[in-house]
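> my questions are about this predicted structure, shown below with the sequence.
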There are 2 protein chains.
Amino acid sequence: MSGPMKTLRHLVLLRFKAEASADAIAAIELGFVALRSQIDGVHDLEWGTDVSPEGLAKGYTHAFMLSFDDAAARDAYLPHPAHQAFVAQLKPLLDDVLVIDYFAAHS
Amino acid sequence: MSGPMKTLRHLVLLRFKAEASADAIAAIELGFVALRSQIDGVHDLEWGTDVSPEGLAKGYTHAFMLSFDDAAARDAYLPHPAHQAFVAQLKPLLDDVLVIDYFAAHS
């Protein structure tokens, strides 16, 4: 914990292999979003595809941001069977993944 | 625009040079947060430092997530003098930056 009442953000960026089909990517989007209802402790999940004009996305096209109340909820999510099944579905399509978690401080 | 009423997230990940001092990095944290009040159209700014146990952060240590009502607000932010002055302060300390923007869909 890094302070009271700070939401823990779990940010996942995905870069797909060139051969990943649009249908397969759409299935991944649906599968990721479904984790919200499959795993207790994910209190929000938002996502979108890159629209930055800056050209600094390093080839990552998809961002998913999950929110947890605390590190314990994130620690329960990572090895959860539903998450692991999703990772197994994702892996063959994946070129690279970036994950960064932070306790959200607001200005 | 990618649909009505979707918040545009502007996500910035920073990786600092090894020689960047803790004081210099703290000044960058403050400077980034200050942009919220210096630039109209930034309707939220949150940030934090990486606490992921997964080892997939690619060396990025800091995440800043700015929220805009639309692409026009983001487009006004990027060349804004206050943002450009901040970038000039950041650049000598910066090893790499990743930027991804997305219109937030919620599950």
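On my side now, so go ahead.
> quick check: A:Glu29 touching A:Trp47?
Yes: in this structure A:Glu29 lies within contact range of A:Trp47 using CB atoms under 8 Å: 7.0 Å. Heads up, the C-betas are built off the backbone N, CA and C, glycines and all.
> mutual contacts of these two, please.
Residues touching both A:Glu29 and A:Trp47 comprise A:His62, with contact defined as CB atoms under 8 Å, 6 or more residues apart in numbering or on different chains.
> the more surrounded of those two?
Legend: neighbour count by other CB atoms under 10 Å in any protein chain shown for A:Glu29 and A:Trp47, higher for A:Trp47 (21 against 16).
> what helix or strand does the closest residue to the more buried one other than its chain neighbours sit in?
Spatially, and ignoring its direct neighbours in sequence, A:Trp47 is nearest to A:Phe64 (4.3 Å; CB to CB, 6 or more residues apart in numbering or on different chains). Element membership for A:Phe64 (DSSP states H and E) is strand A:62-68.
> likewise for A:Ala34?
Assignment of secondary structure by DSSP H and E places A:Ala34 within helix A:22-38.
> who does that helix touch, helix- and strand-wise?
strand A:8-16, strand A:44-49, strand A:62-68, helix A:81-90 (3 or more CB pairs under 8 Å, 6 or more residues apart in numbering or on different chains; DSSP states H and E).
> just the C-alphas of it, formatted as PDB.
As requested, C-alpha coordinates have been extracted for helix A:22-38 and formatted as PDB (Å, rounded to 0.1, in the frame of the first residue of the first chain):
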ATOM      1  CA  ALA A  22      -8.800  -8.600 -36.900                       C
ATOM      2  CA  ASP A  23     -11.200 -11.200 -35.700                       C
ATOM      3  CA  ALA A  24      -8.700 -12.700 -33.300                       C
ATOM      4  CA  ILE A  25      -7.800  -9.200 -32.000                       C
ATOM      5  CA  ALA A  26     -11.500  -8.500 -31.500                       C
ATOM      6  CA  ALA A  27     -11.900 -11.700 -29.500                       C
ATOM      7  CA  ILE A  28      -9.000 -10.600 -27.300                       C
ATOM      8  CA  GLU A  29     -10.700  -7.300 -26.700                       C
ATOM      9  CA  LEU A  30     -13.900  -9.000 -25.600                       C
ATOM     10  CA  GLY A  31     -12.000 -11.600 -23.500                       C
ATOM     11  CA  PHE A  32     -10.100  -8.900 -21.700                       C
ATOM     12  CA  VAL A  33     -13.200  -6.900 -20.900                       C
ATOM     13  CA  ALA A  34     -15.000 -10.000 -19.700                       C
ATOM     14  CA  LEU A  35     -12.400 -10.400 -16.900                       C
ATOM     15  CA  ARG A  36     -14.100  -7.500 -15.200                       C
ATOM     16  CA  SER A  37     -17.100  -9.700 -14.400                       C
ATOM     17  CA  GLN A  38     -15.200 -13.000 -14.000                       C
END
